[in-house]
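Engineer: Sharing a sequence plus its predicted fold:
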Amino acid sequence: MSAQDERKLEREPAEAEAAMSAEFEQPRTFGEYVQRWWTQIRSGNSGVLPVVLGVILIGIIFQTQNTKFLSAGNVINLLVQGAVYMLIGMGEVFVLLLGEIDLSLGFVGGIGAVVVTELVQPGWGWPWYAAIFAALVVTAAIGALQGTLVTRLRLPSFVVTLAGLLGWQGVMILLLGEGGTIPIRNDVVNGISNGTLSRGGSWLLMALVVLVFAVVQIIQDGRRRASGLSAPRRFMTYLQILVVAIAGVGLVLISNVDRGVGRFQLSGMPIVLPVVFGVLVLWSFILGRTRFGRYIYAIGGSAEAARRAGVNLAVIRTAAFTLGALSAGIGGIVYASRLRSISTSFDGGTIVLYVVATAVIGGTSLFGGRGHPLHAVLGGIVIAAIVNGMSLLGVSAAVQYIATAIVLLASIMVDVVVRRRGQTAH
């Protein structure tokens, strides 16, 4: 090798590093951030913008038709109604990221609700925490079983989970009896959906969440700078903290408004909202900050490429189905808590259709590789807003289904357009 070739090889890494630094250099001003954001939107990478604009539009439409829609009581009621869809939807996101689908999550959640309800009955007498733990173990085992059938036997997830939808519905009927309804005889379990924090407790929880978020953001920003990695400008970090703080203050102010009827006073943040937030934080951490999460995105982007890189596809896929069912178990418990009972009228089929809709409407791709648990939360707000708003207007259930179908179809169209633009860009 000549001396000229040696010098060329020495220059190439430095030139490549400089090129990458220029490509990923952080904008210096707020205007540059806006310009880059707008460029991403034009290229099809709009993030959660469509669903956020959708929520705003839905709010404006229903508020003009009924001034009670954006009242504090109705907004909180809307969020509590959507909690089940959000929780099970976050589980569905794990499966959709792989390019698969789980149609059984509705009735898997129902099984979790039955287990909790049965175990807290006087005959069994289990403490509430043991009953909840047992229910989550059962639902996780169901997810592991179905995931194993999909991965080890290479069966289509659509067929396996469709069989699960039918089978677990049958199991529910066997456990409850024909036309059976079992009330929940435990105040703690019932309080998950029906209980509220005190006004002071709501403020304290909000302050704690904002403080933890601020500390984490500042520490991460400092570590990236210390390691010489690309990091956002400090004002953007502080801006994110400010936005979270404003959102938290707004939620607490709404929650602390007395939304009771007559002499019955009701205020404070519903306990189910911190439950949803806790699951969102946990699943977001797993997908965004762990090797397991990176593997899920890699498999969804290109399973063959992930396999060649040494990823154990069977293990990761089975684990994703397991976590999806575990999340469904949490959602099922919240559902039973809200009704203070569980019965054979539990419509897991409709629930799972809404759940898939929440994830897709929020921005998760049906083709795999793109999505986030936050998408299920935002999509759940959209679904709950449509159902709630139309109920206030006295619109029939038929029209509610049609409206939801139109929103879902529009979201899929956006997903397809984004995917095509991404392929064109590459």
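Structural biologist: Nice, I can see it.
Engineer: any idea how far stretch 155-170 is from the chain center?
Structural biologist: 22 Å (C-alpha atoms, centre = their mean, to the nearest Å).
Engineer: Please work out which residues outside it touch it.
Structural biologist: 95, 100-108, 110-111, 142, 146, 149-150, 321, 348-349, 352 (C-beta atoms under 8 Å, 6 or more residues apart in numbering). For every residue, glycine as well, the C-beta is placed using N, CA and C.
Engineer: if we go to 7 Å?
Structural biologist: 100-104, 107-108, 110-111, 146, 149-150, 348-349, 352 (C-beta atoms under 7 Å, 6 or more residues apart in numbering).
Engineer: Sticking with the spatially closest residue to residue 332 that is not a sequence neighbour, tell me its helix or strand.
Structural biologist: Excluding its sequence neighbours, the residue lying closest to residue 332 (C-beta to C-beta, 6 or more residues apart in numbering) is residue 109, at 2.9 Å. Using DSSP states H and E, residue 109 sits within helix 105-119.
Engineer: Pull out the buried positions in stretch 183-202.
Structural biologist: Using 16 or more other C-beta atoms under 10 Å as the test for burial, stretch 183-202 gives 184, 186, 188, 189, 190, 192, 193, 194, 196, 197, 199, 202.
Engineer: Spatially nearest residue to residue 307 (excluding sequence neighbours)?
Structural biologist: residue 313 (5.6 Å).
Engineer: How many residues are close by the one you found?
Structural biologist: 16 (other C-beta atoms under 10 Å).
Engineer: How about the one 3 residues further on?
Structural biologist: As a burial measure, the neighbour count of residue 316 was computed by other C-beta under 10 Å and equals 21.
Engineer: got the buried residues for the host helix or strand of it?
Structural biologist: For residue 316, the host element (DSSP H and E) is helix 313-339. Across helix 313-339, burial judged by 16+ other C-beta under 10 Å covers 313, 316-339.
Engineer: for the closest residue to residue 321 other than its chain neighbours, helix, strand, or coil?
Structural biologist: What sits nearest to residue 321 in space, not counting adjacent residues and going by C-beta to C-beta, 6+ apart, is residue 147, at 3.0 Å. Three-state assignment for residue 147 (DSSP: H, G, I helix; E, B strand; the rest coil): helix.
Engineer: need the strands for this structure, in chain order.
Structural biologist: Secondary structure of the chain (DSSP state E): strands located at 181-183, 341-343.
Engineer: Deepest-packed of those strands, please.
Structural biologist: strand 341-343 (a mean of 21; mean count of other C-beta atoms under 10 Å).
Engineer: what's the burial count for residue 56?
Structural biologist: Count around residue 56 with other C-beta under 10 Å applied: 10.
Engineer: Would you check how far apart the residue nearest to residue 321 and residue 105 are?
Structural biologist: 12 Å (C-beta to C-beta, to the nearest Å).
Engineer: Give me the more crowded residue out of the two.
Structural biologist: residue 105 (35 against 29).
Engineer: Show the average pLDDT along stretch 408-425.
Structural biologist: Averaging pLDDT along stretch 408-425 gives 66.
Engineer: thinking again about what came up before, and which of the contacts of stretch 155-170 is nearest to residue 138?
Structural biologist: residue 111 (6.4 Å; C-beta to C-beta).
Engineer: Contact partners for that closest one?
Structural biologist: Per C-beta under 7 Å, 6+ apart, neighbours of residue 111: 138, 139, 142, 168, 171, 172.
Engineer: can you put those in TSV and add pLDDT, neighbour count and distance to residue 56?
Structural biologist: Listed next are the contacts of residue 111 as TSV, based on pLDDT from 0 to 100; neighbours: other C-beta atoms under 10 Å; distance: C-beta to C-beta, whole Å:
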residue	pLDDT	neighbour count	distance to residue 56
138	97	18	40
139	98	31	35
142	97	26	38
168	96	24	38
171	95	15	42
172	94	20	38
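Engineer: Distance to residue 241 added to the residues you listed, as a markdown table?
Structural biologist: Listed next are the contacts of residue 111 as a markdown table, based on distance: C-beta to C-beta, whole Å:
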| residue | distance to residue 241 |
| --- | --- |
| 138 | 40 |
| 139 | 36 |
| 142 | 40 |
| 168 | 43 |
| 171 | 47 |
| 172 | 45 |
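Engineer: Please flag which of these sit within helices.
Structural biologist: 138, 139, 142, 168, 171, 172 (DSSP state H).
Engineer: gap between the fourth one and residue 369?
Structural biologist: When C-beta to C-beta is applied, the distance between residue 168 and residue 369 equals 28 Å.
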